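for reference, the sequence and a predicted model appear below.
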Amino acid sequence: MLKTISKMAVCGAVAIGALASTAQAADEYKLGLVTFLSGGAAGPFGVPAKNGADLLIDALNAGTMPAPYNKVGINGVKIAPVYVDEAGGATKQVSEYRNLVERQGVNGVVGYISSGDCLAVPGVAEEMKKVTVLFDCGTPRVFEEANYKYVFRTASTATMDNVGAARYIAEKVNGLNMVSGINQNYSFGHDSWTDFTTSLEQIKKGVDVSTKQFPKIYAGQYGAEVSALMVNPSSVIHSSFWGGDMEAFLLQGSARGLFEDQKVLLTCGESALYKFADNFPEGAIVGARGPNGIYAPKSELNDWFQKEYKARFGTEPTYPVYHMVQAIMGLKLATEKAAEKDGSIPTDEAVAAAFEYLEYDSPAGKIVMSSGNGHQAVQEMVFGQVSKVDGKLVMKDVVRYAPSCVNPPNGVKAADWIASGFKGAVCN
């Protein structure tokens, strides 16, 4: 009996492999989309990202996008989204991923905000040979610790955020002699703080650390941490907080006067700029994880995107929205590049080959898949400081850092690149 089952399994695997090796005509392109739809990251991060996906998919299916995205759907095949809630942790997401591929039969997957999920899913994607695009997570470890054929990330890593942050405060903060930090106690928070402090050591010698705080992710209450930051004041408080944690920290810190004498640096701050505009202290240093949102370059594509998003959802698109949209755009262009004829869905192997080293335009400007052996995007990094002019929020002292200034070269680990003094970096 066992031999019979084994033989059937082998035959089934051969049949599946034969099917996967041939491009298929299709009535729809089933796209798995994973983002936070519940929990603390949903409101400020996951749901806006879903809104961006909905807007883009509707426009693609209607064929109303500006060129080069004016072909209907993906290669003439209309997109059918299949959403998965990212809440629940890495083990759950691995199970959900298998379900998307095996039971839902998706043609591709775009997803993942949590760095923990982004470290857990790629190995399964490789096992199942399914093209998967990581749209937002920031940990540089994904392509530093492994090589993948079917996995891509269309936004830069958090190394860009923190190298840029260190460069910015060294240039813009007078009398900089002490920094402190409050970051979430998981891989993204620790990696962000390490990249920031080690970069600062290279850029400006003699800057000390007064205190570093690592509260649990989604803790929501930061009374003890705010007290520690006030007792040990510094020139700049660095934080890679995002989502509800960042919003809670802003509210609680402002209520206690934390930011009156200490400048706060929020590498992910742009995601709350519009919703919490009145809670950002004057002079707060804000990043957008790339040239997104308020920092996005003017172009026909960005003008279209901002106008359509605001009309539909009543607010401006923030960086998680940009990240989602540029991931779907990259998948669309790679699939169409790999396609032999309209109306067909190429094999995952063909799409993966077309995706490597792809360069394409997005609302955030040029996306260049030049790192991670062609699987990891690099972008410029932008920082500015919050100000109010006639009651309207604006960004002053905006500085843009070229991709090669804030991203390590292909094949070089972030930590090694920083330790080398940013060997090969070219800054504007």
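On my side now, so go ahead. If you're wondering where the values come from, they're calculated on a predicted model, not measured in any experiment.

tell me which residues touch the residue nearest the centre of the chain, please.
Per Cα atoms, centre = their mean, the C-alpha nearest to the average position across the chain is that of Asp136, at 2.1 Å. Residues in contact with Asp136 (Cβ atoms under 8 Å, 6 or more residues apart in numbering) are 45, 49, 112-113, 155, 289, 320, 323-324. (C-beta placed from N, C-alpha, C; glycine too.)

identify the farthest-apart pair in those residues.
Pairwise distances across the contacts of Asp136 (Cβ to Cβ) peak at 14.2 Å, for the pair Tyr112 and Arg289.

distance of the residue nearest to the centre of the chain from Arg400?
21 Å (Cβ to Cβ, to the nearest Å).

what's the neighbour count on Gly175?
By the criterion of other Cβ atoms under 10 Å, Gly175 has 6 neighbours.

my error: substitute Lys307 in the last question.
10.

host element of it?
helix 300-313 (DSSP states H and E).

where do the helices sit along the stretch 151-300 of the chain?
Along the stretch 151-300 of the chain, counting by DSSP state H, counting those that start in this stretch, helices occupy 158-172, 187-203, 223-231, 243-255, 300-313.

so which of the ones you listed is the most surrounded?
Using mean count of other Cβ atoms under 10 Å, the stretch among the helices of the stretch 151-300 of the chain with the largest mean neighbour count is helix 158-172, at a mean of 24.

now do the same contact list for Ala377.
153-156, 367-371.

show me where the stretch 1-150 of the chain has its helices.
2-20, 47-62, 90-102, 115-128, 141-144.

what would those helices look like in CSV with mean pLDDT?
CSV is the format used below for these (pLDDT from 0 to 100):
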stretch, mean pLDDT
helix 2-20, 37
helix 47-62, 98
helix 90-102, 98
helix 115-128, 96
helix 141-144, 95
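
put together TSV for those, with distance to Asn232 and mean neighbour count on each row.
TSV is the format used below for the helices of the stretch 1-150 of the chain (distance: least, Cβ to Cβ, whole Å; neighbours: other Cβ atoms under 10 Å):
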stretch	distance to Asn232	mean neighbour count
helix 2-20	57	10
helix 47-62	35	21
helix 90-102	34	17
helix 115-128	27	20
helix 141-144	30	21
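
out of the contacts of Asp136, who's nearest Thr64?
Once Cβ to Cβ is applied, the member of the contacts of Asp136 that ends up nearest Thr64 is Met324, at 18.5 Å.

the closest one against Gly52, yeah?
Yes - if you go by Cβ atoms under 8 Å, Met324 and Gly52 touch, sitting 4.6 Å apart.

out of the helices of the stretch 151-300 of the chain, which is closest to Glu340?
The closest of the helices of the stretch 151-300 of the chain to Glu340 is helix 300-313. By Cβ to Cβ, the value is 27.1 Å.

can you name every helix or strand that the helix or strand following that closest one contacts?
Using DSSP H and E, the helix or strand that directly follows helix 300-313 along the chain is helix 319-338. Under the contact definition 3 or more Cβ pairs under 8 Å, 6 or more residues apart in numbering; DSSP states H and E, helix 319-338 sits against strand 29-35, helix 47-62, strand 108-111, strand 132-134, helix 348-355, strand 359-362, strand 365-371.

list of residues touching the fifth one?
Under the criterion Cβ under 8 Å, 6+ apart, residues 20-21, 23, 108, 129-131, 149-150, 152, 330-331, 334-335, 337-338, 346, 369, 374-375 lie in contact with helix 348-355.

ChimeraX command to pick out the buried ones of those residues?
Buried members of the contacts of helix 348-355, defined by 16 or more other Cβ atoms under 10 Å, are picked up in ChimeraX with:
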select :23,108,129,130,131,149,150,152,330,331,334,335,337,338,346,369,374,375
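
OK, contacts around Gly330?
Contacts of Gly330 (Cβ under 8 Å, 6+ apart): 133, 152, 154, 355, 358, 360, 362, 367, 369.

residues contacting Cys118?
112, 134, 137, 139, 142, 153.

actually Asn185, not the one I typed
214-217.

how far does stretch 276-286 sit from its chain's centre?
22 Å (Cα atoms, centre = their mean, to the nearest Å).

pull the CA atoms of stretch 139-153 into PDB?
The C-alpha trace of stretch 139-153 is given here as PDB (Å, rounded to 0.1, in the frame of the first residue of the first chain):
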ATOM      1  CA  THR A 139      15.100  43.400   7.400                       C
ATOM      2  CA  PRO A 140      18.200  43.100   5.200                       C
ATOM      3  CA  ARG A 141      18.600  39.500   6.200                       C
ATOM      4  CA  VAL A 142      16.300  38.100   3.600                       C
ATOM      5  CA  PHE A 143      18.800  38.100   0.800                       C
ATOM      6  CA  GLU A 144      21.900  38.300   3.000                       C
ATOM      7  CA  GLU A 145      21.300  34.900   4.500                       C
ATOM      8  CA  ALA A 146      20.000  33.000   1.400                       C
ATOM      9  CA  ASN A 147      19.700  33.100  -2.300                       C
ATOM     10  CA  TYR A 148      16.300  32.700  -3.900                       C
ATOM     11  CA  LYS A 149      15.100  32.000  -7.400                       C
ATOM     12  CA  TYR A 150      11.400  32.800  -7.000                       C
ATOM     13  CA  VAL A 151      11.400  35.500  -4.300                       C
ATOM     14  CA  PHE A 152      11.800  39.200  -4.900                       C
ATOM     15  CA  ARG A 153      11.500  42.400  -2.800                       C
END
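
no further queries at this time; thank you.
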